[in-house]
Every structure is written in structure tokens, then in C-alpha cells.
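> When you get a sec, could you give me coordinates for this:
(2 chains)
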2 protein chains.
Amino acid sequence: MKRGKPTMADVARQAGVSLKTVSRVVNQEPHVRASLQQRVQAAISALGYRRNEAAARLARGATMLTLGLVMENISNEFYSRLAAAVEAAAADHEALVVFGSYEESADKERMLIESMYARGVDSLIVVPSAADHSWLAEHAGLTTVFVDRVPPGLDGADVVLLDDVWGGRIATEHLLARGHRRIALISDDDGISSVRDRATGYRAALAGAGLPAGEELVVRELYDPGRVSGEVTRLLDLPSPPTAFFATNNRAAIGILQALRERPERPAYVGFDDFALADVFNPGVTVVRYDTARLARAAVDLLLNPSPAARRIKVPVELVPRGSGELPPA
Amino acid sequence: MKRGKPTMADVARQAGVSLKTVSRVVNQEPHVRASLQQRVQAAISALGYRRNEAAARLARGATMLTLGLVMENISNEFYSRLAAAVEAAAADHEALVVFGSYEESADKERMLIESMYARGVDSLIVVPSAADHSWLAEHAGLTTVFVDRVPPGLDGADVVLLDDVWGGRIATEHLLARGHRRIALISDDDGISSVRDRATGYRAALAGAGLPAGEELVVRELYDPGRVSGEVTRLLDLPSPPTAFFATNNRAAIGILQALRERPERPAYVGFDDFALADVFNPGVTVVRYDTARLARAAVDLLLNPSPAARRIKVPVELVPRGSGELPPA
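Numbers count the residues shown, from 1 in each chain, chains lettered A, B, ... in the order given. Presented below is the predicted three-dimensional model:
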């Protein structure tokens, strides 16, 4: 919470009063004791506090200081990291974050967004489901930025994406460079733009190496580690099994880890999305990583600077070698 | 979101209109088109919807439907699971959740609570820091329930705890039953009641087995896996090293996993707090587990049923054997 300018909260701490009291004094509300008023004014002078637009909105009781975050599931590590990063970016602007998880239900996603809208949350960050989002166009008063995925059916939306094609490409090229020629793709819902883009990167890398993208080694539409584990087992039992895997998200990487627990083979694998325990496994899990804080800050910046023209921002990704992606072909 | 009674959201879906429109009709606000009114009324009749107190509060523009969740760090799995469970429990009452992470700063915890209070959030679930919380007594209008830990300095608060003493006891007895006699305790900040209680259970189990609780094998005040890893390494290098470990939280268990990656020894260990990858490691991580949904529902129930008498609820825990806690002494 370290910032250049003093905030109302700084004034509250300096004066030893609650934020509400500072708010009352700053907004010249009645019924504030004179002694409290003096303490607050002294703190304002000492700190050089100047009432800002955010404080003024707060005083008007507006809820623009609450930012809504709608995503698939807060308990998945991709989303809990995103939530922490959005919280930090929002705190820089004195905003609180209200969150909602829609699990796998597009209906629930819509209900959450409308419910936030009905309660006056007018700034939203949404990781959209694969469903059509054209209904959102009617909410003209709502400022929405999409993160991680392009919302289907909604042109002209602001979107902050990862450099997914590039990520899929460097992951696959990393495995190719270690001599792998049979590299399986373990992927999620093709309706999700980031999933498609990561697969595009995978195919581009194979094509660059003059290899066919054999559909035999491509598995799509896997949403949970359990099903991934089953598919990895099936692939390893093929007459010509893959010697390496590229997993397009953290769930897929975890499913690979699950399957390998029970197997004698030591195929190489690279995941997309870092996770806290990636370097606790042995070998450590090689991943395509990005700066979640940067993703969140970019989204908050777009929210704070609305523009009639749709904007699309790409956050860079990098490969982090930890062991699993450096294993040679069997 | 499946519930017995139809909600405003159900009406909105049935009528094919936004929640806001339903709210306007239900609250007889002006300027709603007659055709929309009719569609909403038809949906209300078809579903048997009855305006409830929550809906009425929503209509009044009150923010009691927003529940505040203040915790250490949303990106730690204990907290992201708790957030998901609180979200689900809140959704049963049509409430949204605004969250805040105070990291290790008691000042930030206070600022977050006051900031939520200033914005009209008057129902709070707090996982309190180890700092004195007597300042909260001044916020008489705020309904606060504490979860996981007793707030220091604040008598008369409602608290939902895990059965921590029992959890520490069954974890340690599990290791004793496998023949371990030198069991180390890897623990966190003693100012946190749950940490103290888990250690009390550990000591009780050792005393029950007629073993002294040698302080040589007790390490406290460890807040991150990196430091835990260092201490586990130090203990394993002792002339008489421990043959087993009890970790009082998920960070401690992860620190043990980190240390063992680099070591030839295979000591047994039991963690407190389940985590998603606990059964992906080999051996799987034996943990003391509890139902996070139950913890969250108990807290929301207390919030919805205020009482002048302070209440304390204990959520049961159980031991889940997965391999790491069943290893024999070397």
C-alpha cells in the first residue's frame, strides 16, 4: 500500500481515527465532534493530503471504487494468483475487489455479471467463458475489460491477453531442441481463445521443424486433471508413444504429474502457467511463465482510461526450465 | 446456485430480462416499459417467486448483501479454498463477496476492515492476524465473525475454529503408532491461536505416550516454505535427527517437501491443511483435513443470526493417510 500521495487511510492513521471519520470531515458532513475535526485537519496538514477524485466518489457513496472480478474458479491457482494481483492493482487506486466464480456455467457467469451490475459495480474484469457474450453489449454503462481470453460474440471489447501463440511455440521448440519428435498436446476447451492460440503455437513449432502435426498425439477438451491423467496413460500405451508432452494449462500439467506417478516412463513435459509447487516436484516442472501482476495492472489501467476504440494488449511469456522439459527422449 | 426457493435471478432468466429490470418491477420503480413489466410478472407467477428480505435490502440500495472477507493472502491455497467456500455460502443468500489480503501487516488488516466498513460492507468474515483487535470493539454496527483463529484482545466475538488441539493430537498419535519416537514440530507464529492449539495437541500426544516434548525438535515462527526447508535440513543433520515431522500448516508441509527433495532420508510427515497436489506427490502427503465448506457455512450462519452472546463453533478434523505419514522410522 506504499504510494506517492497520502491517502485518506494515511490521514486516519495519523489522526488515530477511523476512515469514516476522515471521510465525514473531508466531506463536511454534520455531527462530527470538534476535537475529532481538529485532529483530522491537523493530520491533513501534516501529511499534505489532498482530496482526490477517488475520495470524492467514495464520499458521494458511489461504488465505482469497487471492482468486480468474474472468473471460472477462485480456488484454481491461476485464478487465485490473478485475484491477488487484481487486488494489489486495485488497491493502488483505493478500490476493493468483489469476486465471483462461475465454475463451468455460462448462465452463472451472466448472473454474476448482472448481479454485480445491479449492485452498482460498474468496473469489471472478466475471464470470459467460451459462451457467446453479445448480451453484454446492452450494458453500455458498464466498463468491462476481459483478461486471458477473447469474449466470443462481443466485438470492440478491451482485452488483455498473454502471448499465447508464442508461448505454445517456445514450449514446443524447447522440446524439439532436446531431440523430441513425438510431442503430444494436452489441451482444454477449443472454444477458449487462449487454448486455441497455444495449440497454434505448438503446430507452428512442429511445422517449423518439418514435422507433421499428427492428430494421434493431440488430446483436446480436457477440463480436469483426472481426465488428463487417463489420456496421458492411454497415449503412453500407444505402439509409438509420445516422448514428450506440452500441457496448455496448469490443470493439464497436474494431470500429467498424476499419470507419471504410476508409470515407469520418464517423458519430458512443459506446462503453461506457473504454480507454487512446480519446483518442489522432482524433476521440477518446466513451464511457460508470465507476470500475473502485469496482466492485472494492464486490465486496471484500461478500466481507468476508457476509450471508444477497442484495445488489445499482449503480456509477454517466457520459458522457465526446471528439469521436466529438459529430459531426453527415451 | 441450486436453491429451494426461486430467486430474482431465476425470475430474470425466466423472463429473459436483466436482474435490474426485475428489481425495478418488484420494487415498483417508475419508467419500466409495460411489456417488460408483464414479462416479469408472468415469470414471478410461473415460478412462485416471493420477494424476500434479501431482495428488499437490495432494492433499498443497501450493501448488506456484500460480505467482506479479510484474510492473510488470497493466493495461499488455504485462503483461496476458504474464499471459494465463503463465495458459495454467500451465494445461497444472494450475497457477493468483497475480499482483502493483509499479507503480514496488522496495519493493513485494520485499513482493509475500516475501508470495507466505510463503503457500507457491514458483514465481515475475518481470519485475524496475531495483533491486538480491541480497536474493532468501537465498530458496534459491524457484524464480524472470525474464522480459523481467535482475535487477540477482543472478547465476546463470534469465532468459527477448527478442532486444532484434536488435529495436532491425531497427527502425532498417527506417527507414534508407526513406531516414531523422535517427532519434530514445524510450526508458525505462536501468536496465532490455531498454531498454539495444534502444538498443544502435539505435546498432549507425546505426553500420552510417556515421551518428553524435547524442545530440540520444536521449531516455531516459520512463515514461509523456504525457511521451513532450511530448518528441516538442520534437524536432519542433528546427531539424533527426528524420524518424523508434524507440520502445523500447508506452508510448513511444503517446506518439508522442498527439503526432502535434496535429501537421502525418508522421514515420515503429516501436514495440517489439505492441498490440491497432496496426492500427486510420491508418497502422497498424509494430512489433517476438514470441510472448508462447513467452516464457511458456519461463519455465514452466525452473520445472519446475530446474538448478544458470543458463540464459538468447532469444525471437526480428520486424518487422511496417503503414504508420507505411514513411513516407518529409519
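> Give the full set of residues in contact with the closest residue to A:Pro241 other than its chain neighbours.
Leaving aside its sequence neighbours, A:Pro241 sits nearest to A:Leu235 (Cβ to Cβ, 6 or more residues apart in numbering or on different chains; 6.1 Å). Placement of C-beta: from N, CA and C, glycine included. Neighbour list for A:Leu235: A:Ala184, A:Leu217, A:Val219, A:Pro241, A:Pro242 [criterion: Cβ atoms under 8 Å, 6 or more residues apart in numbering or on different chains].
> if I look at A:Tyr117, how far off is B:Thr7?
From A:Tyr117 across to B:Thr7, the span is 16 Å (Cβ to Cβ, to the nearest Å).
> returning to what we had before: looking at the contacts of A:Leu235, point me to the pair that's furthest apart.
The span of the contacts of A:Leu235, defined through Cβ to Cβ, is set by A:Val219 and A:Pro241 at 13.0 Å.
> can you give me the helices in chain A?
Assigned by DSSP state H, chain A shows helices spanning A:8-15, A:19-26, A:34-47, A:53-59, A:77-91, A:106-118, A:164-177, A:193-208, A:225-236, A:250-261, A:292-304.
> and these, which one's lowest on average pLDDT?
Lowest mean pLDDT within these: helix A:53-59, a mean of 45.
> just to revisit the earlier point, could the contacts of A:Leu235 go into a markdown table alongside pLDDT and neighbour count?
A markdown table is the format used below for these (pLDDT from 0 to 100; neighbours: other Cβ atoms under 10 Å in any protein chain shown):
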| residue | pLDDT | neighbour count |
| --- | --- | --- |
| A:Ala184 | 97 | 27 |
| A:Leu217 | 96 | 20 |
| A:Val219 | 94 | 20 |
| A:Pro241 | 96 | 16 |
| A:Pro242 | 97 | 26 |
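> So which of these is the closest to A:Pro329?
Closest to A:Pro329, out of all of those and judged by Cβ to Cβ, is A:Pro242, at 9.6 Å.
> What residues does the closest residue to A:Met8 other than its chain neighbours make contact with?
Nearest residue to A:Met8 in three dimensions, chain neighbours excluded: A:Val22, at 4.9 Å (Cβ to Cβ, 6+ apart). A:Val22 makes contacts with A:Met8, A:Val11, A:Ala12, A:Ala15, A:Val40, A:Ala43, as judged by Cβ under 8 Å, 6+ apart.
> What subset of these is buried?
Those of the contacts of A:Val22 that meet the buried threshold are A:Met8, A:Val11, A:Ala12, A:Ala15, A:Val40, A:Ala43, by 16 or more other Cβ atoms under 10 Å in any protein chain shown.
> Show me what from the stretch 51-200 of chain A comes close to chain B.
A:58, A:61, A:63, A:65-66, A:73-75, A:77, A:79-81, A:83-84, A:87, A:94, A:96-101, A:107-108, A:111, A:114-120, A:138-139 (Cβ under 8 Å from any Cβ of the partner chain).
> Quick check on those: which are buried?
Those of these that meet the buried threshold are A:58, A:63, A:65-66, A:73-75, A:77, A:79-81, A:83-84, A:87, A:94, A:96-101, A:108, A:111, A:114-119, A:139, by 16+ other Cβ under 10 Å.
> Format the buried ones among the contacts of A:Val22 as CSV; extra columns: distance to A:Arg251.
Formatted as CSV, the buried ones among the contacts of A:Val22 follow (distance: Cβ to Cβ, whole Å):
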residue, distance to A:Arg251
A:Met8, 42
A:Val11, 45
A:Ala12, 43
A:Ala15, 49
A:Val40, 50
A:Ala43, 49
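> Closest to B:Gly226 out of those residues?
Once Cβ to Cβ is applied, the member of the buried ones among the contacts of A:Val22 that ends up nearest B:Gly226 is A:Ala12, at 34.8 Å.
> pretty sure that closest one contacts A:Thr21?
Yes. Using Cβ atoms under 8 Å, A:Ala12 is in contact with A:Thr21, at 7.1 Å.
> Redo the helices of chain A as JSON lines? Include distance to B:Gly167.
What follows is the helices of chain A, written out as JSON lines (distance: least, Cβ to Cβ, whole Å):
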{"stretch": "helix A:8-15", "distance to B:Gly167": "37"}
{"stretch": "helix A:19-26", "distance to B:Gly167": "37"}
{"stretch": "helix A:34-47", "distance to B:Gly167": "45"}
{"stretch": "helix A:53-59", "distance to B:Gly167": "42"}
{"stretch": "helix A:77-91", "distance to B:Gly167": "24"}
{"stretch": "helix A:106-118", "distance to B:Gly167": "34"}
{"stretch": "helix A:164-177", "distance to B:Gly167": "41"}
{"stretch": "helix A:193-208", "distance to B:Gly167": "40"}
{"stretch": "helix A:225-236", "distance to B:Gly167": "27"}
{"stretch": "helix A:250-261", "distance to B:Gly167": "26"}
{"stretch": "helix A:292-304", "distance to B:Gly167": "32"}
